[in-house]
Each structure stands twice: as C-alpha cells, then as structure tokens.
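Participant: need a structure here:
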Amino acid sequence: MRHVDTIIIHCSATRSNVRLEPADLTKMHRRRGFNGCGYHFYIRRTGEICDMRPVERIGAHCKGHNEGSIGICYEGGLDAKGNPADTRTKEQIKAMRSLVEVLKREFPITVVAGHRDFSPDADGDGVIEPEEWIKVCPCFDVKKDL
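Facilitator: Numbering: from 1, shown residues only. Prediction:
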C-alpha cells in the first residue's frame, strides 16, 4: 500500500442545475489523457459516494501532490449561472465529513485541504491568499469546514 497522509477536496465545476454522472466524469478525465478518473471518490448531490479510482493507485487530481494524497470530488461548485459557489447539499456535506473520518482512521492523514490550497505562494509570505489561487476549487474553505 502506498503512503497517504493528505486528502485533497475538489469540486467538479458543474453548474448546480446540471448533473454530472460518474461515467461522464471519467470520460472527461480520459479526454485529458488520464487513464481513468483522477479522483479516488466522487460525491453525488444525493450524498452517494462513488469509488472512482482505487486508493492504492496514485491519483491525477492535484499536480505535484498526487503521490501521497487521496482526491475527493463533489458534484457541483458552480451556481446556475456558472459562478463559483459552494453548492454542496446537506447530503454531500454529511457524506464528505463521513468519508474524511473513515479515511483518517485508515491512513495517517495530517492534511485535509482544498485544491486551491495547493496553489503556489506567489509572494512568499507563507500564506496562500485568494489572489494567489490558480483555481477556486472546491469553492469552500475546507480547513474551516472539515
């Protein structure tokens, strides 16, 4: 088993009024050249947790941080107009918290953060600020919420 100490949370960047099936997420990643879905888990709006990639396999979800991490993506992240927003349903929030707790029991997790938290610290002050984010994904503050 590979060493995993980090969980990285993502959004699918899907509008709140549009569904994204797990198979479609996999197709999107294959079109980008990945050998399947880059995330290990996908959380549907209903709270259903879909296994997308075995945790034994290195993910393809956060460049430079895939080797020691598990990627969790939730369906959503954009409002109906396409603007970044925390669109998680109550079911998704509950499922995400539960999944993170299970993974913390299975692996020596020391970091749970959002994709945006892995942006480069452009000004070198030790803090990755909103103006430095490469992406706003997952559209909520993981460190405060999980």
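Participant: make it CA atoms for all contacts and neighbour counts henceforth
Facilitator: OK.
Participant: buried ones in the worst-scoring helix or strand of the chain on mean pLDDT?
Facilitator: Counting by mean pLDDT, DSSP states H and E, the chain has its least confident helix or strand at helix 142-145, which shows a mean of 93. Within helix 142-145, the residues scored as buried using 16 or more other C-alpha atoms under 10 Å are V142.
Participant: which elements pack onto that helix?
Facilitator: Under the contact criterion of 3 or more C-alpha pairs under 8 Å, 6 or more residues apart in numbering; DSSP states H and E, helix 142-145 touches strand 111-114.
Participant: partner strands of the strand it packs on and their direction?
Facilitator: Paired neighbours of strand 111-114 in the sheet (DSSP bridges): strand 6-11 (parallel).
Participant: what sits against the closest residue to I134 other than its chain neighbours?
Facilitator: Of all residues not flanking I134 in the chain, S119 sits nearest, at 5.7 Å (C-alpha to C-alpha, 6 or more residues apart in numbering). Contact partners of S119, counting by C-alpha atoms under 8 Å, 6 or more residues apart in numbering, are I128, E132, W133, I134, K135.
Participant: list phi and psi for the third one.
Facilitator: Main-chain dihedrals, W133, degrees, to the nearest 10: phi -60, psi 130.
Participant: ok, it - contacts?
Facilitator: Applying C-alpha under 8 Å, 6+ apart to W133 gives the contacts R116, D117, S119, P120.
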